[in-house]
Structures are given as C-alpha cells and as structure tokens.
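S.K.: Sequence and predicted model, in that order:
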Amino acid sequence: MAGSGTAHLRHDQPRALTVDDLVVEFPVAGGTVHAVSNLHLDLLPGETLGILGESGCGKSSAGRAVMQLPPPTAGTVTLGDVELTGLKEKEMRRARARMQLVLQDPVSALNPRRKVKDLVVEGLEIWGWGERDQRGKDAFVDELLTAVGLDPEVVRERRPHELSGGQCQRVCIARSLALDPDVLICDEPVSSLDVSVQAQILNLLEQARERYRLSMVFIAHDVAVVKNISDRVMVMYLGKTCEVLPSDGLERTALHPYTRLLLDSVPRESDAERRGEPAKAVELPSPIDPPSGCRFRTRCPLATDRCAAEEPQLRELRPGQFVACHHVEA
Ligand SMILES: Nc1ncnc2c1ncn2[C@@H]1O[C@H](COP(=O)(O)OP(=O)(O)OP(=O)(O)O)[C@@H](O)[C@H]1O
C-alpha cells in the first residue's frame, strides 16, 4: 500500500493514544523554530513505541506537546477516545493525569525538601485519593516503592539527595504509577544513569508496563536502548518522521538512509565511548530554516534534485514499515 502514512496501524485496532498533524513551533529572534512538523503517532494499548533521533530532532518537544506541556502549535492529541484539544481547564487536568511523564534528570524532577513517602503521593494530593485511601497512605506508598524495586523501610523517610540517580528515577516512576495512568511518556529516562543502572530501570519500566497495563512512548537517542524496550520504533529527523518500523530485526529491515546512518553508528562492543552517537555526526541544518523537500537530503547519500523539490510522504513499503524517501524500495 502506498498510503499517506497518516495511520501506521490498521484502522480497526483500538488506540491508547493518537496524535495527528502535530506541529510545535517556537518563535525566536530571527524566525521560528520548526521543532516538530506534522507528526503522526499511534499507540496501541499495552504497546511501547520508541522515538529515536539525534539531539535536536524534536523528540522532547513532541513528547511535551502530547502532554500539552505546553499544548502544540497545531494538531490533535486523542487519549483513548478523549480529544485533548479544546478541553476546558479542569477536564484537561483530569485527562492529563492519565498520561505521565518520566524525565531524563530524576534528581531535579523531585522536590529536594520532601521525603520519598510524600514525593510518591504528591500527584494524589493534588488529584485526590479516590478509592485508594481505603488502603491507607502508608500501605499504598510501601506497595508502590516495592513495585519499583525499592525497600520502603530504607527509603521511605529519605530525601532525594540521600538517594542515587537510579533510586531517584525509581521514585519518579513510582510517583507516575501512583496516578494509575494509561500512558507513560518516558523522555530519555536512562540517559543520565550509569550503564549498569540503565538496564535495571529499563527492566522496571517493562515490568511496570505489564503489571499496570500501560502503553508507553519511549524517547531516546540511543538505538540499542530504544530497540531493546520498544515494539515499534519511529525515527525522527529535524522535526519529521523518516521511518516507522517494528523493532524486531530492525538492523536488517530498516530502509531509510537516516535510520541506516543511525544503525551504522551503533558502536561495536569495544567502542563503548561512541554509544548511540552517529559516526558521521555533522551539525544539523537549522530548524529555523530547514531544507526544502526532504529535510535529510543535505546529509543523504541518495539525494537527487527531486528530494529538494518534493517532500517524500511516508509509504508502507512492507507490512507495518513506513518510509519517507523517494528512492528506497523494499
Ligand atoms: N523553548 C524553546 N525555544 C526555542 N527553541 C526550542 C525550545 N525548545 C526546543 N527548542 C528547539 O527545538 C528543536 C527541537 O528540540 P527538542 O529538545 O525537542 O529535541 P530533542 O530531539 O528532544 O533533543 P534533546 O535530546 O537534545 O533534548 C531544537 O532545535 C531546540 O533547540
């Protein structure tokens, strides 16, 4: 099917989250930063969708806009069957609580003056406890701390500076889970952590997804990390989607020249220093004045005049694999 690429899944599949035509722009001196341009994203219930791309390609802007923090410049975000655009403040806050954000720097995400037992339920203090209070706050906190692999006896009374980065990230995840969200948006949740701790946090997110029946958007620049945790991967370049594909066998199946560039840059075992950074990293073109046509053309080995004149649309070249390139074929 050579479709428009506006839907990456079958129409009859229910969605946990649908994002259509998302645009994020920032007015700056000298112009407008086109951080995210006409992004489409579908998330199945229970699925993890990875968003992969170099620094500055718009991953975080997209994640924040989905959370309406701040709302996008244009486009729609539909959580389950609730479209967030145009909701009144109170309804928006309620809908937003069903999506939680886990960020890169867990230490600064936590109020340094509060104890772990209070940090975990901060959101609930704002949103109300609902039916959870029947269990009692302490039991609830302990259950969540245990679920994220922390010993409540040890950490309950501690403040963030008394914990490691990995422990702080576990507290952040517990805080998110406390609100019983449908969707977790993880923005580089392990990139500030030691490599040994990264694997533990990835395992925890995987377990939490299953146990709490979450759907996840997992944003990162590290190919290995994204591939490891995701069911499908969306590759972004300069605010646009280049390719969406199943993560299984991605090294063999990826078709877009930019995805191939990212994969070629994945270091060999002996080359841990370069982990995740493209080998031929060059400065990205300015998102204030992105290249015409295909935004990747200035770095692309396949580029022709057509790429400057005509923007490639996502085409489904194999089942479930969508590629925005004039030249590659399955
Ligand atoms: N508030 C802002 N004002 C102006 N420009 C911004 C703002 N936030 C982001 N940008 C720009 O938008 C583009 C996309 O940034 P974004 O942080 O979304 O990318 P990213 O892929 O998440 O990168 P990183 O991993 O480095 O955060 C970049 O050029 C960035 O400089």
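M.R.: Everything's here; your move.
S.K.: Off-centre distance for the top helix by length along the chain?
M.R.: Residue-count comparison of every helix in the chain, with assignments taken from DSSP state H, identifies helix 195-211 as the longest. In terms of Cα atoms, centre = their mean, to the nearest Å, the centre of helix 195-211 is found 15 Å from the chain centre.
S.K.: contacting residues for Val120?
M.R.: Val141, Leu144, Leu145, Val171, Ala174, Arg175, Ala178 (Cβ atoms under 8 Å, 6 or more residues apart in numbering). All C-beta spots, glycine's among them, are computed from the backbone N, C-alpha and C.
S.K.: Chain neighbours aside, what residue packs nearest to the third one?
M.R.: Closest residue in space to Leu145, ignoring its immediate chain neighbours: Pro152 at 4.4 Å, by Cβ to Cβ, 6 or more residues apart in numbering.
S.K.: For the stretch 1-150 of the chain, what lies in contact range of the ligand?
M.R.: Within the stretch 1-150 of the chain, the positions lying close to the ligand (Cβ under 6 Å from any ligand atom) are Phe26, Val28, Val33, Ala35, Gly53, Ser55, Gly56, Cys57, Gly58, Lys59, Ser60, Ser61.
S.K.: Mind checking which of those land in strands?
M.R.: When these are checked against strands (DSSP state E), the matches are Phe26, Val28, Val33, Ala35.
S.K.: Could you work out the most separated pair of these?
M.R.: Put simply, by Cβ to Cβ the two of those set farthest apart are Val28 and Ala35, 10.6 Å from each other.
S.K.: So which of those two has more stuff around it?
M.R.: For Val28 and Ala35, the more surrounded residue by other Cβ atoms under 10 Å is Ala35, and the numbers stand at 24 against 10.
S.K.: Which pLDDT value does the model give the closest residue in space to the more buried one that isn't next to it in sequence?
M.R.: Taking Cβ to Cβ, 6+ apart as the measure, Ala35 lies nearest to Ser61, with 4.0 Å between them; neighbours along the chain are not counted. At Ser61, the predicted lDDT confidence score is 96.
S.K.: and what of the one 4 residues further on?
M.R.: Confidence at Ala65, expressed as pLDDT, is 95.
S.K.: try Ala95
M.R.: Turning to Ala95, the model gives it a pLDDT of 88.
S.K.: Can you say which helix or strand has it in it?
M.R.: Secondary-structure element containing Ala95, defined by DSSP states H and E: helix 89-97.
S.K.: how about the residues of the stretch 201-330 of the chain that lie near the ligand?
M.R.: Proximity of the stretch 201-330 of the chain to the ligand (Cβ under 6 Å from any ligand atom) is limited to residues His221, Pro287.
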